[in-house]
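[1] Please find the sequence and the predicted model below.
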Amino acid sequence: MTVYCNYVWKVDADTEPRDLLTQFAREHFHAHEAVPIDTTQYGIDHGLNDVRAVFKSEQHWIAFCCRYQHDVVATESKVLAFAQTHGLTVERMR
């Protein structure tokens, strides 16, 4: 079951999601890079496939989803910490 985190990053229309997500993956998941899964989804957790980033270009969002409910709180903490460190705007998804 996939569970979305409550927070998303608001990004500009010209944001390149892979570059930003690679930085996030390196800083918070000790990954080498964000790996494209398809045109909108990226693996960011060093191959575990427990956390994904989803680029929603229509909303100018990058959302995050977890395979397991118990990973949501920790993932949200990482999402918020990265946003604060890098001056990203955060919105509540729901």
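    Received it, and whenever you're ready, just let me know what you need. Residues are numbered from 1 along each chain as shown.
[2] longest helix anywhere in the protein?
    The residue-count maximum for a helix in the chain (DSSP state H) belongs to helix 72-86.
[3] quick one: buried residues of the helix or strand just after that one?
    Following helix 72-86 in sequence order, the next helix or strand is strand 89-92 (DSSP states H and E). For strand 89-92, burial by neighbour count (16 or more other C-beta atoms under 10 Å) applies to residue 90. In short, each C-beta sits where N, CA and C put it, glycine included.
[4] swap in stretch 4-23?
    Quick answer for stretch 4-23 (16+ other C-beta under 10 Å): 5, 6, 7, 8, 9, 11, 15, 17, 18, 20, 21, 22.
[5] Let me know the helix or strand that the last one is in.
    Put plainly, it is residue 22. helix 17-29.
[6] Run through the neighbouring helices and strands of the very next helix or strand once past that helix.
    Sequence order places strand 35-36 as the next helix or strand after helix 17-29, per DSSP H and E. Packing partners of strand 35-36 (3 or more C-beta pairs under 8 Å, 6 or more residues apart in numbering; DSSP states H and E): strand 41-43.
[7] what sits up against the strand it packs on?
    17, 18, 21, 34, 35, 36, 37, 49, 52, 53, 54, 55 (C-beta atoms under 8 Å, 6 or more residues apart in numbering).
[8] Repeat the analysis, applying 6 Å as the threshold.
    The contact list for strand 41-43 (C-beta atoms under 6 Å, 6 or more residues apart in numbering) reads 21, 34, 35, 36, 37, 52, 53, 54.
[9] could you list every residue that touches the nearest residue to the first one once chain neighbours are set aside?
    Once flanking residues are discounted, residue 21 sits nearest to residue 34: 3.6 Å by C-beta to C-beta, 6 or more residues apart in numbering. When contacts are counted by C-beta under 6 Å, 6+ apart, residue 34 touches 18, 21, 22, 25, 42, 44.
[10] try residue 24
    Going by C-beta under 6 Å, 6+ apart, residue 24 touches residue 82.
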